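1. Starting from these lines, generate the structure:
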Amino acid sequence: MAQQNEGPSVRLLRVGEQVRHVLSDILQRGDVHDDVLASHVVSVTEVRMSPDLRHATVFIKSLLGQDEAAVIKALRTNTAYLQREVATRVRLKYAAKLKFLADESFDEGTHIDRLLRDPKVARDLEQPDEE
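-> Coordinates of the predicted model:
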């Protein structure tokens, strides 16, 4: 019987969470000597590891979404340092290549919430089906 792909394995999730914690710690402590990163509060919301653990997609959100493009640029500028730190603190066979992206899930959630609160949509949701 063939096993269906049910998403990332427990190992991928565990390693992704370890990488997220390490990056969060580095950014919180101000270990990266970068003016942009020093002047912004940055949250690492999620890290998705590739199946071979060689690539990590890092989703970030700056506080209140301020200057997110500048924050991502600063993170990308300091990728080599961050990769070395992750490789040192998370013991893996290979150092994962980090790719930084803005976390859009909060914006999508806000947009969906706004749509659901629209009076026209709320009215449609309250009416019973007339079939």
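
2. Tell me where the model's unsure across the protein.
-> 1-7, 64-65, 106-113, 115, 122, 124-125, 127-131 (pLDDT under 70).

3. 90 instead, please
-> 1-9, 11, 30, 39-40, 62-68, 91-95, 103-131 (pLDDT under 90).

4. list the helices and strands the longest helix seen in it packs on?
-> Taking DSSP state H as the criterion, the chain has its longest helix at helix 10-29. In terms of contacts (3 or more C-beta pairs under 8 Å, 6 or more residues apart in numbering; DSSP states H and E), helix 10-29 is packed against strand 42-49, strand 55-62, helix 79-89. All C-beta atoms are positioned from the backbone trio N, CA, C, and that covers glycine.

5. and it, how far from the chain's centre?
-> The chain centroid and the centroid of helix 10-29 are separated by 10 Å under C-alpha atoms, centre = their mean, to the nearest Å.

6. Just the buried positions in that helix, please.
-> 12, 15-16, 18-20, 22-24, 26-27 (16 or more other C-beta atoms under 10 Å).

7. Of all the helices and strands packed on helix 10-29, which one is nearest Asp31?
-> Counting by C-beta to C-beta, Asp31 lies closest to helix 79-89 out of those; the figure is 7.3 Å.

8. Helix 10-29 and the helix or strand just after that closest one, what's the angle between them?
-> Using DSSP states H and E, the helix or strand that follows helix 79-89 in sequence is strand 97-102. Relative orientation of strand 97-102 and helix 10-29, computed by axes from the mean of the first three to the mean of the last three C-alpha atoms, to 10 degrees: 70 degrees.

9. Walk me through which strands strand 97-102 pairs with, and which way each runs.
-> strand 55-62 (parallel) (DSSP bridges).

10. contact partners of stretch 59-75?
-> Residues from elsewhere that reach stretch 59-75 (C-beta atoms under 8 Å, 6 or more residues apart in numbering): 32, 34, 36-37, 40-48, 58, 82, 100-103, 105-107.

11. ok now that stretch, how far from the chain's centre?
-> Distance, stretch centre to chain centre, for stretch 59-75: 11 Å (C-alpha atoms, centre = their mean).

12. Nothing else from me, thank you.
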